[in-house]
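Novice: could you work out the structure for the sequence below:
(one chain, ligands or ions: 2)
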Amino acid sequence: MTFTVPAVDITPYVAGGSDDQRRVVADAVDAACSTVGFMQVLGHGIPEATQDGLAAAIDGFFGLAPATKRDYWVPGANRGYSPPKSESLSLSLGVASANRMNDFFEAFNVGVEARSFTGLDLDEADYGINVWPHEVDDFKRRLTAYFAEAGRVARTLTTIFTDALGLPHDYFERITGHSIDVLRMNNYALPAGTVVAPDADITGMGEHTDFGIVTVLWADRVAGLQVLGTDRRWHDVQPLGGALLVNLGDLTARITNDRWMSTLHRVKPPIVDGAVARRRSAAYFHDGDVDAVITTAPQFLDADGAWPTSRSWCATTSPPNWRARGRVRRTSARSARPRGCGRRGRTEPAARTGAPLPSRVLGGSRQWGTVRRRAPAPSRCPRRGRRRCAPRRSPPAPGSGPAGPAPAGRPRGIVAPARDHRPGPTCAYICSICSGTAPRRRRCRAR
Ligand SMILES: O=C(O)CCC(=O)C(=O)O
Ligand SMILES: [Fe+2]
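Specialist: Residues are numbered from 1 along each chain as shown. Ligands and ions are numbered 1, 2, ... in the order given. Okay, the predicted model is just below:
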């Protein structure tokens, strides 16, 4: 099976188009979101000059001396600089990374501030306050210009989503009036002169799902981004010329009862001649209002109240991206659940009833460290009622692993409360760590 990230030209929504043209776009988006969770978006209308301005701002900042960059580190806030190895995104899945190393990317974040919504009495701590390095020419203007364009694209996409999903036309407007939107610029580079062994296991950014509504990703056409396919394999993805990559976050998966996919992805740079090619990206996260309540839209609840993807929860052979499968072949899938599955006969409360998920659990300072300390990853998988499979235990390299205090400085993401623990991708992910090192049954007791 070949893996492709479908290309969708959204011009009819950007520059005007007939109803028929828009329908074609909405159908293509529906297909991409149901089968891959990622798409290549063409016709987005962001001027090249604005993208060049973004690239110049990225180069300007990351080219500063390390000590200068650290002046813009705002621990505890989703703003400013995030130094290399200060974060480990696989912790968003409640586990340490397979190689026990933090991610080597460095990042800089800017975003919407609470104070820009006058009269709403929002808490600055839920949003963050931007810092603007004065050492970089035109930094604020360039980023503000790109931010506005990326936000426009994100909102255009949610308009397409309402058409594609048959939702009320103001569905997303109602939960994004003061959306916590953040632009995170990532720089994947090792210090000059670093020689990397050909078989070194280094992680640019650990595997994770995004947790908001939709992410608009500008990236260099350089290898490194990998997306997990339903075949359980990681696939290299680079943007097509002129395209932005777009992926869905966990909130959209929740709204659609996993009809649309929030897909695992990571950045693993290829090592060529002992070196890693520098790569830049800028992810615009459209995450929704801090006080929005995210529920499964009624049309995505099963008529009989059953959880449509229950097979995949426990199917020992189901791929991490289990959701589309379970949905598409709902009836037969259910009867084909494997024997001995601890989930058998149970129902999934949230999806069944559409129980609301307060997006406040996504908000706050959005610090991995902070959130993790408050809500440690459950040691039991609450939906299965069994112990979670444990990641491989080996002592971390000195000063490198996420053992010890959770890393402060992870400015995005949630560790959801137990009721939101998502056994599909999470458990599949953990098992993918276990696999290959020991018989799965011994290592992975949840299966
Ligand atoms: O750098 C990339 O291509 C991916 C970035 C990403 O996934 C993120 O920032 O969440
Ligand atoms: Fe991501």
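Novice: tell me which helix or strand the closest residue to ligand 1 within the chain sits in.
Specialist: Of all residues in the chain, the one sitting closest to ligand 1 is S281 (3.3 Å; C-beta to the nearest ligand atom). Placement of C-beta: from N, CA and C, glycine included. Under the criterion of DSSP states H and E, S281 resides in strand 279-289.
Novice: next structured bit after that strand?
Specialist: Counting by DSSP H and E, the element that comes right after strand 279-289 along the chain is strand 293-294.
Novice: elements contacting that following strand?
Specialist: For strand 293-294, the contact count by 3 or more C-beta pairs under 8 Å, 6 or more residues apart in numbering; DSSP states H and E identifies helix 250-255, strand 357-358 as packing neighbours.
Novice: any idea which of the ones you listed is most buried?
Specialist: Using mean count of other C-beta atoms under 10 Å, the stretch among the helices and strands packed on strand 293-294 with the largest mean neighbour count is helix 250-255, at a mean of 25.
Novice: thinking again about what came up before, name the strands paired with the strand holding S281 and say parallel or antiparallel.
Specialist: For strand 279-289, the paired strands and their directions (DSSP bridges) read strand 179-188 (antiparallel), strand 214-219 (antiparallel).
Novice: okay, buried residues for it please.
Specialist: Across strand 279-289, burial judged by 16 or more other C-beta atoms under 10 Å covers 279-289.
Novice: so can I have TSV of the helices and strands packed on strand 293-294 showing mean pLDDT?
Specialist: As requested, the helices and strands packed on strand 293-294 are exported to TSV (pLDDT from 0 to 100):
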stretch	mean pLDDT
helix 250-255	96
strand 357-358	37
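Novice: pipe these into JSON lines and attach distance to ligand 1 per row.
Specialist: Output for these, formatted as JSON lines (distance: least, C-beta to the nearest ligand atom, whole Å):
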{"stretch": "helix 250-255", "distance to ligand 1": "12"}
{"stretch": "strand 357-358", "distance to ligand 1": "20"}
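Novice: buried residues in the longest helix along the chain?
Specialist: Ordering each helix of the chain by length in residues (DSSP state H) puts helix 139-165 first. When neighbours are counted by 16+ other C-beta under 10 Å, the buried residues of helix 139-165 are found to be 139, 142-147, 149-151, 153-165.
Novice: ditto for stretch 121-132
Specialist: Counting neighbours by 16+ other C-beta under 10 Å, one finds that the buried residues in stretch 121-132 are 122, 126-128, 130-131.
Novice: ok, now stretch 43-63?
Specialist: For stretch 43-63, the buried set under the neighbour-count rule, 16+ other C-beta under 10 Å, comprises 43-44, 46, 50-51, 53-55, 57-58, 60-62.
Novice: what of stretch 209-219?
Specialist: 209-219.
Novice: can you redo the helices and strands packed on strand 293-294 as a markdown table with distance to S88?
Specialist: Listed next are these as a markdown table, based on distance: least, C-beta to C-beta, whole Å:
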| stretch | distance to S88 |
| --- | --- |
| helix 250-255 | 18 |
| strand 357-358 | 25 |
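Novice: closest one to D231 among these?
Specialist: The stretch from these with the least distance to D231 (C-beta to C-beta) is helix 250-255; that distance is 19.5 Å.
Novice: just the CA coordinates of that closest one, formatted as PDB?
Specialist: Written as PDB, here are the backbone C-alpha positions of helix 250-255 (Å, rounded to 0.1, in the frame of the first residue of the first chain):
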ATOM      1  CA  ASP A 250      -7.300  15.800  19.000                       C
ATOM      2  CA  LEU A 251     -10.300  18.200  19.400                       C
ATOM      3  CA  THR A 252     -11.400  17.600  15.900                       C
ATOM      4  CA  ALA A 253     -11.000  13.800  16.400                       C
ATOM      5  CA  ARG A 254     -13.300  14.200  19.500                       C
ATOM      6  CA  ILE A 255     -15.800  16.300  17.600                       C
END
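Novice: change the start of the numbering to 19 and stick with it
Specialist: Renumbered: residue one is now 19, and that last one reads helix 268-273.
Novice: show me what that helix is packed up against.
Specialist: Using 3+ C-beta pairs under 8 Å, 6+ apart as the contact criterion, the elements in contact with helix 268-273 are strand 311-312.
Novice: I'd say V232 and I178 touch.
Specialist: No: in this structure, V232 is not within contact of I178 by C-beta atoms under 8 Å, at 9.9 Å.
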